[in-house]
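> quick one, fold the following:
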Amino acid sequence: MKKNQIVFIFIFFTISLFAQENWNQLIDVKLPEVISSHRTFVSIPNVPTDIQKMYKNVAWVKEQYKKVGFQLKTLESSTLPVLLAERVVNPTFKTTLFYFHLDGQDVNPTSWNQKDPFIPVLKEQSNTGQWNEIEWSRINEQIDDEWRIFARASADDKAPIIMFLSALELLQSANQNPKFNIKIIFDLEEEYGSNGFLSTLQKYKEEYEADYMIIMDGPAHNSNQPTLTFGCRGVASCSITTYGSKLPQHSGHYGNYVANPVFRLSRLLTSMKSENGKVLIDDYYKGISISEEVSDILKSVPDNKKDINNALMIFKEENVGKNYQESLQYPTLNVRQIETSWKGKALKTIIPEYATAHLDVRLVEETDGKKQLEKIKNHIKNQGYLVLDRSPSDTERLTYDKIATFKGNSGVNAFRTALNDPFGEKLRSSLTNTFGKEPVSIRTMGGTVPIIPAINELDIPAIIVPMVNMDNNQHNPNENIRIGNIRQGIKICLSILNTSFNE
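Next up is the predicted model:
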């Protein structure tokens, strides 16, 4: 019998209750086993285009979660199936639906600082900031929280799956049960839009039925404190095209005669936004107000403006909100790309035929994608433009001075659970008791997750519980998970599993 196993058994025989004060010690003893399981799991490639490998991931999860009392089944979808796990602790208890995803982003091995992105590497950082590989055998010694495991999906999203599993195993070893019934969705295509999962919402709505939803994905606040995220922004998109002459013209022959569509487009864009960043379109922020209570919570998030601006290398921030968190409570108007009719690599002395701006609009709970796009379209009309959804005809070119083509996609709307929702209050209280201080409460995170339609369709309070380190290189080369975040994540999961929602 190994030394760690002996210590583990001794701990359980010398404590009468599976109490919070013992969690740190129990997690410490179990951590080498957790890291080993994580290494095995991450070693299974998980890019959805390799269907056979995805099924190997499914088989691994099935085997592990069966051991902790779950019934598992696959649900047919329009693409890859959805894996659903369920454990009924007590029919009278509330049910919480957890969401994880099994897939990872594609990789370019030449960009990674290791031979194979799907062969996990354990590393420690030198005094000069260099990450150096160390032997896996060192996990059986004193484990350093600052060590990291580098591999694709090491953080996003296999680490949370392992953290949750490990917490369940610890409960089972202590003959303890979660305080609520559990359903788990394992999505096989989140990184590619969750189309399969979203296609199952109507057919399997009964299987997904629950009282609450917890999404275990994404990074925690950069302070690495336990974090609760109550919503995320949606996203809509559109393009605006302005026109000059029907064909590109020589800038010498026709400069000062043919209007350049780039200048027209630039004047149109600057009419939409002030120099301090506020959108000038009528009613763009309609319905949004920040109460004193919400403002206090936003200010309580431990952001440091100076650190943020230094990291971004910007002199000052836009003046939409009073701080970073408040800025996320308003819809954005962002120009993500501008192009003209000339597509070649070399510069040419021409007046382009057209200029197009591609925009994205990050939505908040109070805004609807379709309505926001309509506001933009009406603003263009109010600037004296004929607004079309196609290229102008010759007759229209000769009849109207100012013509713009507007094309929009209303995308997906935002979701947000109220900060004072009883579900969130219980989670906040539980984590406060566990860690001795309140978790960071994020009202709205900046990004958009593809499963928002599912959250809105299921119509239940949903909260994101992100647990991996912010600097995990998510979606990028050298993705990694910090060992300290695995340790803390298990404790977060234990805290949640010991939260009673029935009282």
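
> list the contacts of V361.
For V361, the contact set (CB atoms under 8 Å, 6 or more residues apart in numbering) comprises 235-238, 331-334, 369, 372-373, 376, 411. To be clear about C-beta, it is placed using only N, CA and C from the backbone, and glycine gets the same treatment.

> sitting in strands, which of the residues you listed do you find?
Counting by DSSP state E, the part of the contacts of V361 found in strands is V235, A236, S237, C238, N334, G411.

> what's the most distant pair in those residues?
N334 and G411 (13.0 Å; CB to CB).

> higher neighbour count, those two?
Using other CB atoms under 10 Å, the more surrounded residue of N334 and G411 is G411, with 20 against 12.

> just give the closest residue to that one, not the sequence neighbours.
Spatially, and ignoring its direct neighbours in sequence, G411 is nearest to A236 (4.1 Å; CB to CB, 6 or more residues apart in numbering).

> ok so, going back, buried ones among the contacts of V361?
V235, A236, S237, C238, P331, T332, L333, G369, Q372, L373, I376, G411 (16 or more other CB atoms under 10 Å).

> elements contacting the helix ranked longest in the chain?
Secondary structure of the chain per DSSP state H: the longest helix is helix 20-42. Helix 20-42 sits against helix 3-14, helix 51-66, strand 148-150, helix 158-173, helix 422-435, helix 483-497, with contacts defined as 3 or more CB pairs under 8 Å, 6 or more residues apart in numbering; DSSP states H and E.

> which elements pack onto the fourth one?
Read that as helix 158-173. Under the contact definition 3+ CB pairs under 8 Å, 6+ apart, helix 158-173 sits against helix 20-42, helix 51-66, strand 95-101, helix 483-497.

> give me the mean pLDDT for stretch 277-285.
Stretch 277-285 comes out with an average pLDDT of 98.

> ok now that stretch, how far from the chain's centre?
From the chain centre to the centre of stretch 277-285 is a distance of 26 Å (CA atoms, centre = their mean, to the nearest Å).

> can you dump the C-alpha atoms of that stretch in PDB for me?
The C-alpha trace of stretch 277-285 is given here as PDB (Å, rounded to 0.1, in the frame of the first residue of the first chain):
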ATOM      1  CA  GLY A 277     -16.700  56.000 -26.200                       C
ATOM      2  CA  LYS A 278     -20.500  56.600 -25.600                       C
ATOM      3  CA  VAL A 279     -22.800  55.500 -28.300                       C
ATOM      4  CA  LEU A 280     -24.800  58.400 -29.700                       C
ATOM      5  CA  ILE A 281     -27.500  56.400 -31.500                       C
ATOM      6  CA  ASP A 282     -31.000  57.200 -30.200                       C
ATOM      7  CA  ASP A 283     -32.200  55.000 -27.300                       C
ATOM      8  CA  TYR A 284     -29.100  52.700 -27.600                       C
ATOM      9  CA  TYR A 285     -28.900  52.400 -23.800                       C
END
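
> could you look up the SS state of the closest residue to A159 other than its chain neighbours?
The shortest distance from A159 to any non-neighbouring residue, by CB to CB, 6+ apart, is to I481 (4.6 Å). Here I481 is strand, with the state taken from DSSP: H, G, I helix; E, B strand; the rest coil.

> which strand residues bridge I481?
With DSSP bridges as the criterion, I481 is bridged to I149.

> how far away is it from L83?
Plainly put, I481 is 22 Å away from L83 if you go by CB to CB, to the nearest Å.

> more neighbours, these two?
I481 (31 against 22).

> residues contacting G484?
By CB under 8 Å, 6+ apart, the contact set of G484 is D145, E146, N224, N469.

> can I get the residues you listed in TSV with pLDDT, secondary structure and neighbour count?
Formatted as TSV, these follow (pLDDT from 0 to 100; DSSP: H, G, I helix; E, B strand; the rest coil; neighbours: other CB atoms under 10 Å):
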residue	pLDDT	secondary structure	neighbour count
D145	98	coil	14
E146	98	coil	10
N224	95	coil	19
N469	97	coil	23
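
> which one of the residues you listed is nearest D157?
Nearest member of those to D157, counting by CB to CB, is N469, at 13.6 Å.

> including distance to E318, could the helices and strands packed on helix 20-42 go into JSON lines?
As requested, these are arranged in JSON lines below (distance: least, CB to CB, whole Å):
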{"stretch": "helix 3-14", "distance to E318": "52"}
{"stretch": "helix 51-66", "distance to E318": "42"}
{"stretch": "strand 148-150", "distance to E318": "34"}
{"stretch": "helix 158-173", "distance to E318": "33"}
{"stretch": "helix 422-435", "distance to E318": "29"}
{"stretch": "helix 483-497", "distance to E318": "31"}
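
> on that earlier part again, can you list the helices and strands packed on helix 158-173 in JSON lines and add distance to Y192?
Converted to JSON lines, these look like this (distance: least, CB to CB, whole Å):
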{"stretch": "helix 20-42", "distance to Y192": "19"}
{"stretch": "helix 51-66", "distance to Y192": "11"}
{"stretch": "strand 95-101", "distance to Y192": "10"}
{"stretch": "helix 483-497", "distance to Y192": "25"}
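
> between the ones you listed, which gets nearest to I338?
Using CB to CB, these put strand 95-101 closest to I338, at 33.7 Å.

> relative to the closest one, what are the paired strands and their orientations?
Strand pairing for strand 95-101, determined by DSSP bridges: strand 181-187 (parallel), strand 212-215 (parallel).

> count of neighbours near the residue lying closest to I182 once chain neighbours are set aside?
Counting by CB to CB, 6+ apart, I182 lies nearest to R87, which is 4.8 Å off, once chain neighbours are set aside. Other residues lying near R87 total 19 when counted by other CB under 10 Å.

> and the gap between N473 and R148?
Applying CB to CB, the value for N473 to R148 is 10 Å.

> touching both of those two, which residues are there?
Common contacts of N473 and R148 (CB under 8 Å, 6+ apart): N480.

> of these two, which one has the most company?
Between N473 and R148, R148 has the larger neighbour count (other CB under 10 Å), namely 27 against 18.

> if I look at the nearest residue to the more buried one once chain neighbours are set aside, how far off is P120?
Counting by CB to CB, 6+ apart, R148 lies nearest to N480, which is 4.3 Å off, once chain neighbours are set aside. Applying CB to CB, the value for N480 to P120 is 10 Å.

> need the overlap of contacts for those two.
I149, F150, A151, S154.

> does the first one touch I35 like I think?
Right, I149. Yes: I149 lies in contact with I35 (CB atoms under 8 Å); the separation is 7.3 Å.

> quick one: common contacting residues for those two?
Shared contacts of I149 and I35, defined by CB under 8 Å, 6+ apart, comprise I483.

> ok, now how distant is E169 from N24?
E169 sits 16 Å away from N24, going by CB to CB.

> who's more crowded, these two?
E169 (18 against 11).

> so who does that one touch?
K30, K67, V68 are the contacts of E169 under CB under 8 Å, 6+ apart.

> where does this structure have low pLDDT?
Where the chain drops to pLDDT under 70, the residues are 1-21.

> can you list the domains in it?
For the chain, automatic domain parsing gives the domain ranges 3-231+414-497, 234-288+330-412.

> which one of those lies closest to D307?
Minimum separation from D307 across those (CB to CB) falls at domain 3-231+414-497, 8.7 Å.

> neighbours of A174, how many?
By other CB under 10 Å, the residues close to A174 number 16.

> offset the numbering so it begins at 447, please.
All right, first residue 447 from here; so that's A620.

> I'd like the next helix or strand past the strand or helix carrying I826.
Per DSSP states H and E: I826 is located in helix 815-828. Heading C-terminal from helix 815-828, the first helix or strand you meet, by DSSP H and E, is strand 832-834.

> kind regards, and thank you for your time.
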